[in-house]
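**Q** got a predicted model here, sequence first, then my questions.
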Protein chains: 2
Amino acid sequence: MTAPGLEHFYSVIPAGGVGSRLWPLSRADAPKFLHDLTGSGNSLLRDTWDRLVPLSGAERIMVVTGRAHRAAVESQLPELTDPNVVLESEPRESSAAIGLAAAILVRREPDVIIGSFAADHVIGKQKRFLKAVTEAVAVANAGHIALIGITPTEPATGFGYIHFGDAAEVEGAPSARMVDRFVEKPDLPTAVEYVEDGCYLWNAGMFISRADVLLEQLGEAEPELLAGIVELADSWDGPDRGAVVDRVWPNLKKIAIDYSVAEPAAAAGRVVVIPGDFDWDDVGDFASIAKLHAGGRKSDLAILGEDARVLADSSTGVVFSQGKRLISLIGVTDIVIVDTEDALLVTTTANAQRVKAVVDALKLSGRNDVL
Amino acid sequence: MTAPGLEHFYSVIPAGGVGSRLWPLSRADAPKFLHDLTGSGNSLLRDTWDRLVPLSGAERIMVVTGRAHRAAVESQLPELTDPNVVLESEPRESSAAIGLAAAILVRREPDVIIGSFAADHVIGKQKRFLKAVTEAVAVANAGHIALIGITPTEPATGFGYIHFGDAAEVEGAPSARMVDRFVEKPDLPTAVEYVEDGCYLWNAGMFISRADVLLEQLGEAEPELLAGIVELADSWDGPDRGAVVDRVWPNLKKIAIDYSVAEPAAAAGRVVVIPGDFDWDDVGDFASIAKLHAGGRKSDLAILGEDARVLADSSTGVVFSQGKRLISLIGVTDIVIVDTEDALLVTTTANAQRVKAVVDALKLSGRNDVL
């Protein structure tokens, strides 16, 4: 089932993250990855799965998700087998999630190479994606930690950037470059410089590495976290899993894998990046969804929702409808409307980042019924 | 019960008009006058009733409305007695509605003076309103047709204007002026001229006249219409009412009383206007509702609806909520949101007049379920 050169490759999909900036569409019990944000008819999770099957085969895709989402995930991914489901009793960030997947898999298959791909990103130009991952696997085979960075198409301020240096000289990975350093989300003038410079890529959070290399690197920066993960993995395929998870998992340090693995490894000259020239978006807020659907045109109104009934006159932006109500828009531009059974959001694409503040306000006021 | 000088006065409330520009709040089966648009807790109809009680007493208020609205009207006005209910089998415009009321009442009481007041306008400064009507009744007593015009507070383009001339010299009506002519809704530069001129008033559609004078004037311009009305009135308090209504009413000419009575009477020098310096608004669209609630301040967000739950951040305009859903607004200005069970409208105050076009489009496409 697997492509040549990818025999040891295993896909890991961390499916966490509610996606607060997509409230009230995304909820604690219906997080972003379970939604169709592209109008494809599939959820982002299902699209992610379908994208990875040609690389690893369906039987070699592991999903790390919350216990609460098990049923929803399994209903979207009927091919997902029990040994490939890792359930978190509570969210502990990406180092714990990806580290545990790596530790479980390396016990089953010592030479395994894992690739971690978020469950809630959108990718276009599939062939180019496959080519980039294939190069990244060649890099991982050579013992490096590989990232896939995205060649910027605009001076985005919502993503972190990767600065690359010399060619990495890895066989089977002609475009591989050594990673110099990571930079946080820049302001606009800095982002413009980055794009002009030509040596910066968007950090899309795609890691490809031998599982043992990843765990070794994690242990250097976070030895206690690694010890916990190892304890979990040792009991994983035995009878004590539940008890050990209940005891160990809630005490694992919450830290993004960028800080526990990628940055220290890059500083030590062990990280290689493959520039990806496919389309990529983390659909972090409603503005990016509107942009995604408009295909760059400002004049479009995107309408999402199976039963959506929208009557619009001189309006642009994006409408999500979860019901069958008639939604009528007159002369509203760059609007964002999310119409759900118990909550309605009306904002503009320019204010899309502020949706998270509403969620925070609702949390503070105890209105968990709508979160 | 009635104030001195008002012994012959009878209030008539024509309660027709769906208020298309207030869709989806106003519907065929829930027209504008049945809604609370002011946040007073009362419908516009109930507020109109309460405003007229000090003038004519509750037992002398007649309501002309559609058969379909009888139950809703009677539930809002429990004091309304059967002889004071005039039901239209279908809408035939204001000449038929007010003419029939006048003809019914003059048979019961030959000296009756009627005052007609729309069921769906908003009036503030009640004492000034009462004073203006009292002057208008004195004018009617002297045999004139009296109007109440509103001293403009801004160059409104949404109302017709009344141009007045010399003082009318009527005892008991010191502010009465002769009406020169009526002018249609002006454009903005013309409206500015009108306001500067000082001799123009907004036409608020308030008529006060002896019933016999009104009918005589109607007969001069529209003899057939008057004949139909007389036939209806002759049978009204007898056993044949239903049969006569079914036969005569649907064939009455549809014409506004402005054209059948006010304009010809003004041309003949028989119309007098009392300038009213109370607050008045016909709440014709959502922009006027927003303005009404903002009290002139641009920074306000008006929220209407008994169970409305609105969380707003840097937003202005007006929200109507008929449900209990959480409505969250972020950074939307001059917005109009109407959230009903089967239809949602999102527009801006600047586009408020265009709501009618949506209703027309829905009619054309046969979507009467939401009209």
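**A** Received the coordinates, thanks. Residues are numbered from 1 along each chain as shown, chains lettered A, B, ... in the order given.

**Q** what about A:Val112, neighbour count?
**A** Neighbourhood size, A:Val112 [other CB atoms under 10 Å in any protein chain shown]: 18. Quick note: C-beta positions are derived from backbone N, CA and C, even for glycine.

**Q** mind listing what's buried along stretch A:111-131?
**A** A:112-123, A:129-131 (16 or more other CB atoms under 10 Å in any protein chain shown).

**Q** what sits against the residue of the stretch 151-300 of chain A found nearest chain B?
**A** Closest to chain B within the stretch 151-300 of chain A is A:Phe286: 10.3 Å, counting by CB to the nearest CB. By CB atoms under 8 Å, 6 or more residues apart in numbering or on different chains, the contact set of A:Phe286 is A:21-22, A:318, A:336, A:338, A:347, A:349, A:352, A:355.

**Q** which of those residues fall in helices?
**A** If you go by DSSP state H, these have A:Val355 in helices.

**Q** who wins on neighbours among the contacts of A:Phe286?
**A** A:Thr347 leads the contacts of A:Phe286 on contacts (other CB under 10 Å) with 29 neighbours.

**Q** gap between that residue and A:Ala312?
**A** 17 Å (CB to CB, to the nearest Å).

**Q** repeat for A:Lys324
**A** Counting by CB to CB, the gap from A:Lys324 to A:Ala312 is 17 Å.

**Q** for the stretch 51-200 of chain A, which segments count as strands?
**A** A:61-66, A:85-88, A:113-116, A:122-124, A:145-150, A:161-167, A:177-183, A:200-210 (DSSP state E, counting those that start in this stretch).

**Q** which one of the contacts of A:Phe286 is nearest chain B?
**A** A:Thr347 (3.9 Å).

**Q** mind listing the residues bridging to the closest one?
**A** A:Val336 (DSSP bridges).

**Q** repeat that for A:Asp281.
**A** A:Val122.

**Q** quick one: it and A:Ser288 touch, right?
**A** Yes - between A:Asp281 and A:Ser288 there is a contact under CB atoms under 8 Å: 5.5 Å.

**Q** any chance of the contacts of A:Phe286 in JSON lines, plus distance to B:Glu154 and pLDDT?
**A** JSON lines is the format used below for these (distance: CB to CB, whole Å; pLDDT from 0 to 100):
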{"residue": "A:Arg21", "distance to B:Glu154": "41", "pLDDT": "93"}
{"residue": "A:Leu22", "distance to B:Glu154": "43", "pLDDT": "95"}
{"residue": "A:Val318", "distance to B:Glu154": "37", "pLDDT": "93"}
{"residue": "A:Val336", "distance to B:Glu154": "33", "pLDDT": "96"}
{"residue": "A:Val338", "distance to B:Glu154": "37", "pLDDT": "96"}
{"residue": "A:Thr347", "distance to B:Glu154": "31", "pLDDT": "97"}
{"residue": "A:Thr349", "distance to B:Glu154": "34", "pLDDT": "93"}
{"residue": "A:Ala352", "distance to B:Glu154": "36", "pLDDT": "93"}
{"residue": "A:Val355", "distance to B:Glu154": "37", "pLDDT": "94"}
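
**Q** quick one: low-confidence ranges for the stretch 1-150 of chain A?
**A** A:1-4 (pLDDT under 70).

**Q** near chain B, which residues of it?
**A** A:Pro24 (CB under 8 Å from any CB of the partner chain).

**Q** what sits against the residue of the stretch 1-150 of chain A found nearest chain B?
**A** Residue of the stretch 1-150 of chain A nearest chain B, by CB to the nearest CB: A:Pro24 (7.4 Å). Applying CB under 8 Å, 6+ apart, we find A:Pro24 in contact with A:338, A:340, A:342-345, A:370, B:326, B:328.

**Q** ditto for A:Ser314
**A** Counting by CB under 8 Å, 6+ apart, A:Ser314 has contacts A:330-331, A:333.

**Q** these in strands, which ones?
**A** A:Ile330 (DSSP state E).

**Q** of the contacts of A:Ser314 - the most surrounded one?
**A** Neighbour-wise, the contacts of A:Ser314 (other CB under 10 Å) top out at A:Ile330, 22 neighbours.

**Q** what's the domain layout of chain A?
**A** As given by automatic domain parsing, the domain ranges for chain A are A:9-281, A:290-370.

**Q** and of those, who's closest to B:Ala268?
**A** Among those, the nearest to B:Ala268 by CB to CB is domain A:290-370 (43.7 Å).

**Q** quick one: distance of the closest one to the chain centre.
**A** How far domain A:290-370 lies from its chain's middle: 23 Å, per CA atoms, centre = their mean, to the nearest Å.

**Q** quick one: contacts for the residue nearest to A:Gly331 when sequence neighbours are not counted?
**A** Spatial nearest neighbour of A:Gly331, chain neighbours left out: B:Asn351 (3.7 Å); criterion: CB to CB, 6 or more residues apart in numbering or on different chains. Counting by CB under 8 Å, 6+ apart, B:Asn351 touches A:330-332, B:336.

**Q** likewise A:Ala312?
**A** A:301, A:319, A:328-330.

**Q** if I look at A:Thr81, how far off is A:Glu109?
**A** Counting by CB to CB - A:Thr81 and A:Glu109 are separated by 15 Å.

**Q** show me the contacts for A:Met219.
**A** Careful, residue A:219 is Gly and not Met. A:Leu226.

**Q** what strand or helix carries it?
**A** helix A:211-221 (DSSP states H and E).

**Q** just give me the neighbour total for A:Ser89.
**A** A:Ser89: 14 neighbours (other CB under 10 Å).

**Q** the one 4 residues further on now?
**A** Here the count is done by other CB under 10 Å, and A:Glu93 has 19 residues near it.

**Q** which one of the contacts of A:Ala312 is nearest to chain B?
**A** Using CB to the nearest CB, those come closest to chain B at A:Ile330, 3.9 Å.

**Q** ok, now which ones touch the closest residue to the closest one other than its chain neighbours?
**A** Using CB to CB, 6+ apart and skipping residues adjacent in sequence, the residue nearest A:Ile330 is B:Thr347, 3.9 Å away. B:Thr347 makes contact with A:328-332, B:286, B:335-336, B:354-355, according to CB under 8 Å, 6+ apart.

**Q** ok so, going back, dump the contacts of A:Ser314 to TSV, plus pLDDT.
**A** Listed next are those as TSV, based on pLDDT from 0 to 100:
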residue	pLDDT
A:Ile330	96
A:Gly331	95
A:Thr333	93
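
**Q** out of the contacts of A:Ser314, which one sits closest to B:Tyr259?
**A** A:Ile330 (31.1 Å).

**Q** show me what contacts that closest one?
**A** Here A:Ile330 is in contact with A:312-315, B:345-348, B:351, B:354-355, B:357-358 (criterion: CB under 8 Å, 6+ apart).

**Q** tell me who's in contact with the most centrally placed residue in chain A.
**A** Centrality entry for chain A: nearest residue to the mean C-alpha point is A:Ala118, 2.3 Å, by CA atoms, centre = their mean. Contacts for A:Ala118 were tallied using CB under 8 Å, 6+ apart; they are A:13-14, A:17, A:48, A:205-206, A:282.

**Q** from the residues you listed, pick the one nearest B:Leu364.
**A** Using CB to CB, these come closest to B:Leu364 at A:Asp282, 42.7 Å.
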